[in-house]
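K.L.:
after the sequence you'll find the predicted model.
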Amino acid sequence: MSIAPPPTRPLSDLKKTGQKALTSYRPFWAKRFGPAPFLPMSREEMTQLGWDSCDIIIVSGDAYVDHPSFGMAVIGRTLEAQGFRVGIIAQPDWHSPDAFRALGKPNLFFGVAAGNMDSMINHYTADRKIRSDDVYTPGGAAGKRPDRATLVYTQRCKEAFKDVPVIIGGIEASLRRIAHYDYWQDKVRRSILVDSKADLLVYGNAERAIIEIAHRLSQKKPIETITDVRGTAFMRRPDDASLDGWFEIDSTEVDAPGRIDALLSPYMTTEEAAADQGTDCSKQQEQAQAAATPGSTGSTGAPATAVPSGMPEIKPIKIIRQTLSKTDGRALVTPRDRTVIRLPSYEQVRSDPVLYAHANRVLHLETNPGNARALVQRHSSSGVDRDVWFNPPPIPLTTVEMDHVFDLPYARSPHPVYADENGSHDHATKIPAWEMIRFSVNIMRGCFGGCTFCSITEHEGRVIQSRSEDSVIREIEDIRDKVKGFTGIISDLGGPTANMWHIGCKSPEIEAACRKPSCVYPGICPNLHTDHGPLIKLYRRARALRGVKKILIGSGLRYDLAIESPEYIQELVTHHVGGYLKIAPEHTEGGPLSKMMKPGIGTYDRFKQLFEQASAAAGKKQFLIPYFIAAHPGTADEDMMNLALWLKRNGFRADQVQTFYPSPMATATAMYHSGKNPLKKVTRDSEPVDIVKGERRRRLHKAFLRYHDPNNWPLLREALKDMGRADLIGNGKNHLIPTFQPSTDGGYESARRKNSTQAGEKVAPNKPRSGRILTQHTGLPPRVTGGAKPSPQGKPSSGGKPALGGKPAAKRGQR
């Protein structure tokens, strides 16, 4: 098979955007110290390195693992490569500022992140139950980070050194940068920048922004003046003088009826265009001149600016300190790099779910770095108006820059401070998240799937950023030669998605102009090249390396892309599946799939056919493990019933049940909160979405996924009778559940045994220490709602409201 070389993003493309390459900066003077074996976590380590202070200190809610899959390591090593001395404060005791003084005062700034996961998702299940473990902590121990860790850490940094700037980032800050619905408090919260009182917020992949910020601060520039860096958000006064020359588009209300200027066809002459509008050139010119003359009237005698009776005046564009004359029939267009869109204010979206859905739609339309405009959202407090300004997303890293980031001198192991008495990280102090990716290689970033429940798009973007083949091979060789415990098996060669490496738009110009939320829904875009040849070549080269016995693919497979390349499926199934392959059709019914932006079940059936054919040709007996979501917006009870019937017909019995959780800023979360569909134009009477709320209905949807569990049969019998489908109750092979009921204990054992609930099991509440003040981070008593009986220490009882201060949460893998 002839394989074309993979497309890359050259540095020449970067120059067109006006952005500097990561490696083009003059190194900071401290570059002379060279790279550290591990970024220091103590004064003793700083002394050994010859440092008298840190230039930058990163505070994180995760344990420090010096590996490119951990955010603090990537940002820390990237800044170190620029010559800055970077220290790490990992999982500090947040009850006082003392732990935040451990490395002294940073010369430039504190960088604060909650960790690789949103702290609330890390702490709580989809049913708002407290998790018993934390995979980013040694030994999997829970309780090493606070709820809303970004807020708490920022506060403590300010208390420790009040004159040091604090920059927040990571996935928690990215997903909460705008006024957002918070599932755990069941309300809309302000931007995390406002609540944290941080000086600057960096969202998305932060390398490009944080390097620029660090160099400017090292040049003694005040942080208040850093307002032009892409991928950042900051507070701004409405009367800021630097707004001269900017155009503001008012999008604080849902669209109202009004004139829409038709786009002019480039293939029509002026006369033809006029004739198409039912007029002629002379008449059109008269109307244009009349419209441009103050006080003039049109041919009807009415003022040119007249508005139909009873309709409010519509001002779609507000011009700030700059005028723009409109002298022809063309639509009014402003320069994108000097245009800002005003979103509905926090006060508006807090009280109006429809405006919340509208704001979410506008936000997601402005996520392509090639054409996104700045956004602004007002947050008023005590009569003072302040704006949160969001610069456009960062320009994606080129292949050369991706190689630079991943080729940095990572130790690829946890910091020695976490080792046990034998110096090992494999026993009581093992960090589960590190164990999971210990022998895996990340080959790309981003995802153009656009699944509405997923947070990858909001954080990493839709443009795929790929490493070069040589860089990937170098990392595999490093694992083979340097990582203790390697047995010859690479556990994964992937990323957010297994098979998007070096796949993207055929035309850079089309990619820069595109505003579609997905490249593969409702079908694969004709401008998307789907050649898997370079990926096949990478697989073959990787498994041919000396000392490598097997390369497994553990990342999620985008099977609608895979069926475009039967050769890829053949290669994958023959060499890279360890008996089971996990894929995520998520549902079988069109209603919920359309709200998820996932392909129909027919695409899964086609992939299954190719998978089984390839397995048979390879002489292997291998199986697909499909994943499904319960209680997603747009899912009717009948949809879950049909899914259960499909599962039984195909012989599947789900052990782990994925229940939808509304993660901050996701499109599906906007549906959950507003009952509207932001995938389409949002109006007061636009399409409503069926929302699965309430404990009983969420339990029912989960029960359909586990139709085989006798503990669920009483609930399912009752529901089927209410739905008029009692015909599915019986003891035949075509019935869903039997008529008989065996004796059961009412319990449920999860695949993660720690999260199982045994019948009659009661968990003793965590009692606070004597004299300890209860806060939203240590466990306030629950709100009295009149619904559920209050439960101890702020833990929500079954069916009750979440505790004050945001206890509860969810998990649908923050992918």
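P.N.:
All right, it came through fine.

K.L.:
how close does Tyr568 get to Leu561?
P.N.:
To Leu561, Tyr568 is 9 Å away according to Cβ to Cβ, to the nearest Å. The way it works is simple: take the backbone N, C-alpha and C, and place the C-beta from them, glycine included.

K.L.:
residues contacting Ile213?
P.N.:
Phe109, Ile167, Leu200, Val202, Ile223, Ile226, Val229, Thr232 (Cβ atoms under 8 Å, 6 or more residues apart in numbering).

K.L.:
pLDDT value on the second one, please?
P.N.:
pLDDT, the model's per-residue confidence, is 98 for Ile167.

K.L.:
from memory it sits against Ser196, does it?
P.N.:
No: taking contacts as Cβ atoms under 8 Å, Ile167 lies outside contact range of Ser196: 10.5 Å.

K.L.:
contacts for stretch 18-38 next, please.
P.N.:
Under Cβ under 8 Å, 6+ apart, the answer for stretch 18-38 is 11, 14, 45, 49-51, 55, 64, 66, 77-78, 80-85, 207-208, 211-212, 214-215, 218, 230, 395, 397-398, 400-401, 404-405, 408-409, 411, 415-416.

K.L.:
redo that, cut-off 7 Å
P.N.:
Contact with stretch 18-38 is made by 11, 14, 49-51, 55, 66, 80, 82-85, 207-208, 211, 215, 218, 395, 401, 404, 409, 411, 415-416, as judged by Cβ atoms under 7 Å, 6 or more residues apart in numbering.

K.L.:
picking that back up, so Ile167 and Ser196 - more neighbours on which side?
P.N.:
Shown here are Ile167 and Ser196; by other Cβ atoms under 10 Å, Ile167 has more neighbours (28 against 24).

K.L.:
who does whichever helix or strand Ile569 is part of touch, helix- and strand-wise?
P.N.:
Using DSSP states H and E, Ile569 falls within helix 566-575. Applying 3 or more Cβ pairs under 7 Å, 6 or more residues apart in numbering; DSSP states H and E, one finds that helix 566-575 contacts helix 533-543, helix 601-617.

K.L.:
near Gly488, how many other residues are there?
P.N.:
11.

K.L.:
quick one on the thing from earlier: now do the shared contacts for Tyr568 and Leu561.
P.N.:
Residues touching both Tyr568 and Leu561 (Cβ under 7 Å, 6+ apart) are Asn499.

K.L.:
about what we covered before: just the ones in strands from the contacts of Ile213, please.
P.N.:
Applying DSSP state E to those, the entries found in strands are Phe109, Ile167, Leu200, Val202, Thr232.

K.L.:
next one, pLDDT for Phe486 please.
P.N.:
Here the pLDDT value assigned to Phe486 is 96.

K.L.:
how much space is there between Arg350 and Asp182?
P.N.:
From Arg350 across to Asp182, the span is 11 Å (Cβ to Cβ).

K.L.:
and Met235, by the same measure?
P.N.:
Applying Cβ to Cβ to Met235 and Asp182 gives a distance of 20 Å.

K.L.:
repeat that for Arg131.
P.N.:
For Arg131 relative to Asp182 (Cβ to Cβ), the value is 18 Å.

K.L.:
the two: which is more packed in?
P.N.:
More neighbours surround Asp182 than the other of Arg131 and Asp182, with 21 against 18 (other Cβ under 10 Å).

K.L.:
what's opposite that one in the beta bridge?
P.N.:
Beta bridges link Asp182 to Lys187, judged by DSSP bridges.

K.L.:
do you know the pLDDT at it?
P.N.:
At Asp182, the model reports a pLDDT of 97.

K.L.:
likewise for Gln656?
P.N.:
Per-residue confidence (pLDDT) for Gln656: 72.

K.L.:
compute the first-to-last residue distance for stretch 685-705.
P.N.:
Taking Cα to Cα, to the nearest Å, stretch 685-705 runs 33 Å from one end to the other.

K.L.:
name the spans of the chain whose pLDDT lies under the cut-off.
P.N.:
For the chain, the stretches with pLDDT under 70 are 1-16, 255-332, 744-815.

K.L.:
try it again at 50.
P.N.:
Applying pLDDT under 50 to the chain picks out residues 1-2, 257-260, 284, 288, 291-308, 311-312, 314-316, 323-329, 749-815.

K.L.:
ok, now which ones touch Ile503?
P.N.:
Taking Cβ under 7 Å, 6+ apart as the contact definition, Ile503 lies against Ile464, His529, Thr530.

K.L.:
separation between the first one and Phe607?
P.N.:
In this structure, Ile464 lies at 21 Å from Phe607, with Cβ to Cβ as the measure.

K.L.:
how many neighbouring residues does the closest residue to Arg558 other than its chain neighbours have?
P.N.:
Leaving aside its sequence neighbours, Arg558 sits nearest to Thr497 (Cβ to Cβ, 6 or more residues apart in numbering; 5.1 Å). Residues near Thr497, counting by other Cβ under 10 Å, number 21.

K.L.:
residue contacts, Thr497?
P.N.:
Contacts of Thr497 by Cβ under 7 Å, 6+ apart are Cys447, Gly449, Ser555, Gly556, Arg558.

K.L.:
helix or strand for the third one, which one?
P.N.:
Meaning Ser555. Counting by DSSP H and E, no helix or strand carries Ser555.

K.L.:
ramachandran angles for the residue lying closest to it once chain neighbours are set aside?
P.N.:
The shortest distance from Ser555 to any non-neighbouring residue, by Cβ to Cβ, 6+ apart, is to Gly494 (2.8 Å). Dihedral pair for Gly494: phi -160, psi -130, per degrees, to the nearest 10.
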